[in-house]
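[1] this one's sequence-less:
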């Protein structure tokens, strides 16, 4: 075999295999080689208090699933990180190197040896199930019945509270109770005046059709004098796979008044085959540092400020491509982005084009995975200068080859507009790109957003 005539990818694979031959796999152990990989990339979810269905915290946890771990890491199905790491980078990336993958393969094939685990430190994952640490305040949603009717459920939920003094909120995190059926939670904050009792009114209102016509009268969301309370849009959001984010001191946050409520302007439960009760909660994180930089939200596509071209209608047995773009007229510093599509999403790419024609890569997801929809936070704010165009390119696969297609045989799937908003049923479609940003200031590119 003439290795010099092989292509680089094949050569790389051969060299890794040769390493397995000439350097004994017997030297590879869990304690020395595998535990650091697993604890860094897997156990944040796979721990006794995490969102994954089983733990990978100890040697015995991993050993009994060694074959599966080897398979899902080699195929890059796990750890889930849909974004292309060759296109852009974010905090909390969980992407295994080729060397990591090969170590796991060799460890499994050589008998999954433990090594000396006596001095191995396992990460401590406390019961509060958050990557942000112990919360300063916990607010519970009311118990919500999920019906066994195999239909999507959309509700408006009021989550009231009272505290003895105003506080500055650094971050809010939604912790789902029934992780398998909670699809998303979009919440804003209402700060009532001192005379208003936030506990008046109902706690839950049904949305008869999945749109934004909410029964606010039932929830009593006005001040006692019928004035509109202070409102913070998108104070807390959740999608499967998302993690809470704290920005550096002085960036973002809001003042939590003594009387107030968080309002899930829509909480979406996916179809369930059995009756369940959801008891989700909110975690609040406080700070004594004043707010110096406000953050804002820009949404392209469905329910946003830019149209989808052509309109998001995908005929059966077709793969279609769609674009949405906007020109910005003030320089911004992008902090976090959230791509969003539903079941027949195939690929997603977003970038900005400067007035001089240069491209700013934002995110590329070559293979869309509906079950993993992160809020991606950049390692440092990304400056997009005024006059730039932000462009989203997405494709949708409405063929029988798409295993996530909800219809067999395929049927027409579209973005359905109802009563001023778009249907959020998983069997309908959406194309959104949500950007959290602040107005640009000199030096923003040097601010670290790392946790």
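    Okay, I see it. A quick note: this is a predicted structure, and the numbers were derived from the prediction, not measured.
[2] pLDDT score assigned to the residue most central in space within the chain?
    With distances taken as CA atoms, centre = their mean, residue 374 lies nearest the centre of the chain, 2.2 Å away. Residue 374 carries a pLDDT value of 87.
[3] OK, contacts around it?
    82-83, 239, 241-243, 338 (CB atoms under 8 Å, 6 or more residues apart in numbering). Heads up, the C-betas are built off the backbone N, CA and C, glycines and all.
[4] for the residues you listed, which one is nearest residue 157?
    Comparing those against residue 157 with CB to CB places residue 239 closest, at 16.6 Å.
[5] ranking the contacts of residue 374 by neighbours, who comes first?
    residue 83 (22 neighbours; other CB atoms under 10 Å).
[6] low-scoring stretches of the stretch 351-451 of the chain, by residue?
    Flagging of the stretch 351-451 of the chain using pLDDT under 70 yields the residue ranges 418-422.
[7] ok, now with 50
    Residues of the stretch 351-451 of the chain meeting the criterion pLDDT under 50: none.
[8] the chain too?
    Using pLDDT under 50, the chain drops low at 1-23, 209-214.
[9] would you mind giving the domain segments of it?
    For the chain, automatic domain parsing gives the domain ranges 3-109, 137-287, 296-446.
[10] what ranges do the strands span in the stretch 1-150 of the chain?
    In the stretch 1-150 of the chain, the strands defined using DSSP state E, counting those that start in this stretch lie at 137-140, 144-146.
[11] okay, the ones you listed, which one's buried deepest?
    Mean neighbour count (mean count of other CB atoms under 10 Å) peaks for strand 144-146 among the strands of the stretch 1-150 of the chain, with a mean of 18.
[12] sheet partners, orientation included, of the following helix or strand past that one?
    Following strand 144-146 in sequence order, the next helix or strand is strand 153-162 (DSSP states H and E). Under the criterion DSSP bridges, strand 153-162 sits next to strand 204-206 (antiparallel), strand 259-269 (antiparallel) in its sheet.
[13] residue 104 and residue 284, how far apart?
    In this structure, residue 104 and residue 284 are 38 Å apart, going by CB to CB, to the nearest Å.
[14] the more surrounded of those two?
    The residue with more neighbours, out of residue 104 and residue 284, is residue 104; 25 against 21, by other CB under 10 Å.
[15] just checking, the more buried one touches residue 36?
    No. Using CB atoms under 8 Å, residue 104 makes no contact with residue 36, being 11.5 Å away.
[16] okay, now residue 329: neighbour count?
    Burial of residue 329 is recorded as 8 neighbouring residues (other CB under 10 Å).
[17] skipping its backbone neighbours, what lies nearest it in space?
    Leaving aside its sequence neighbours, residue 329 sits nearest to residue 386 (CB to CB, 6 or more residues apart in numbering; 5.6 Å).
[18] just the element for that neighbour, please.
    Using DSSP H and E, residue 386 falls outside every helix and strand.
[19] isn't it right next to residue 331, touching?
    Yes. Residue 386 lies in contact with residue 331 (CB under 8 Å); the separation is 4.8 Å.
[20] between the two, which one's more packed in?
    Set residue 386 next to residue 331 and count neighbours by other CB under 10 Å: residue 331 wins out with 16 against 13.
[21] residues contacting that one?
    Contacts for residue 331 were tallied using CB under 8 Å, 6+ apart; they are 383-386, 439-440.
[22] now the strand or helix carrying residue 335, how far from the centre of its chain.
    Residue 335 belongs to strand 332-341 when assigned by DSSP H and E. Strand 332-341 sits 11 Å away from the centroid of its parent chain (CA atoms, centre = their mean, to the nearest Å).
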